[in-house]
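Undergrad: Okay, sequence plus prediction incoming.
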Amino acid sequence: MSRYKNLLYQNENGIGILTMNRPKALNALNAETMEELSDFFERAAKDEELKVLIITGSERSFIAGADITEMLPMSSAEGKAWGEVGHKVFNQIESLPKPVIAAINGFALGGGCEFAMACDIRIASEKAKFGQPEVGLGIIPGFAGTQRLPRLIGKGRAKELLFTCDLIDAQEAYRIGLVNKVVAPEELLNAAMAMAEKILKQAPYAVRLCKEAVNVGMEVDQDTGTSYEGTLFGITCSTEDKKEGMTAFVEKRKPTFIGR
Ligand code: CO8
């Protein structure tokens, strides 16, 4: 997948590493990058060689937000359409039928923080910085930050970050639950790879259905979510991997999963 101008991609034994690579603008999301991302995620969803995806940024930034120079001349209608582009791409990440780990190496600001929140798991380098600086630019987060941030860290903390434009460091992001763990910068990709490898050892279809159950369940009432979980659980009971996983347990050996 070397078809992109602002993205780099490699796949190592089922673990894909997508690197945001527009360093002259600290990997800010312009329209061209969003088009490339949409194309990438469409392909990634169908790519059988890709089992777990890690997303990181080149040089000193993860993503420093949406591209401010492109947004400056936008009219109201154009702004709304731009928001829809972001919603589509970030929904593609959130609903990708495989786990997505954000390995946040530097700035994750505005649209960059919103991007990270659409990923399943966030690992931050000690050098990472987070924030939602939008109201300081006279706008509000338009890529679902007002929705995903309170769901992730709670309403009060989300409003504080949204209203003050405070930039927080990785430790503070960890303290408030915005990231899962913080590691030394030189350990970031290793930590993400180690987590990806741990996930790779599990039954892939079960992991996929777990992701779906959590995502659906978080948006509905608990009874509906529980009922949805029950349906997915039933599906796992008809898989080869369930038979293998449980047989391996009984036979005191490691399972070999085939993904169905
Ligand atoms: N957009 C465009 N260019 C950017 C952006 C950005 N978001 N961030 C950095 N750049 C560019 C700078 O303009 C600069 O370019 P140049 O060298 O040509 O002047 C280059 O990247 C390097 O940046 P700095 O020289 O500023 O580097 P510093 O280390 O001094 O500062 C910062 C780094 C603190 C990250 C600083 O660049 C900064 O504050 N950037 C803007 C961060 C920001 O406000 N992000 C939020 C943007 S708004 C947003 O994301 C809204 C999302 C939802 C929109 C949906 C609408 C519907």
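TA: That came through fine.
Undergrad: low-confidence ranges in the stretch 1-150 of the chain?
TA: Along the stretch 1-150 of the chain, segments meeting pLDDT under 70 span 1-2.
Undergrad: and the gap between residue 152 and the ligand?
TA: 16 Å (Cβ to the nearest ligand atom, to the nearest Å). Bear in mind the C-beta positions are built from the backbone N, C-alpha and C, glycine included.
Undergrad: Can you report how many residues lie near the spatially closest residue to that residue that is not a sequence neighbour?
TA: For residue 152, ignoring the flanking residues on the chain, the nearest one in space by Cβ to Cβ, 6 or more residues apart in numbering is residue 117 at 5.8 Å. Neighbours of residue 117 under the rule other Cβ atoms under 10 Å: 25.
Undergrad: In what element of secondary structure is residue 117 found?
TA: Assigned by DSSP states H and E, residue 117 belongs to helix 111-118.
Undergrad: Residue 171 too?
TA: Assigned by DSSP H and E, residue 171 falls in helix 170-175.
Undergrad: Mind giving me the packing neighbours of that helix?
TA: strand 121-125, strand 129-131, strand 181-183 (3 or more Cβ pairs under 8 Å, 6 or more residues apart in numbering; DSSP states H and E).
Undergrad: tell me the strands in the stretch 151-260 of the chain, going along the chain?
TA: Using DSSP state E, counting those that start in this stretch, the strands of the stretch 151-260 of the chain run over residues 168-169, 181-183.
Undergrad: Not counting the last one itself, show me its contacts.
TA: Where contact means Cβ atoms under 8 Å, 6 or more residues apart in numbering, the residues beyond strand 181-183 that reach it are 123, 124, 125, 126, 128, 170, 171, 173, 174, 191.
Undergrad: and what of the first one?
TA: Counting by Cβ under 8 Å, 6+ apart, strand 168-169 makes contact with 126, 128, 129, 130, 131, 161, 176, 178, all of which sit outside it.
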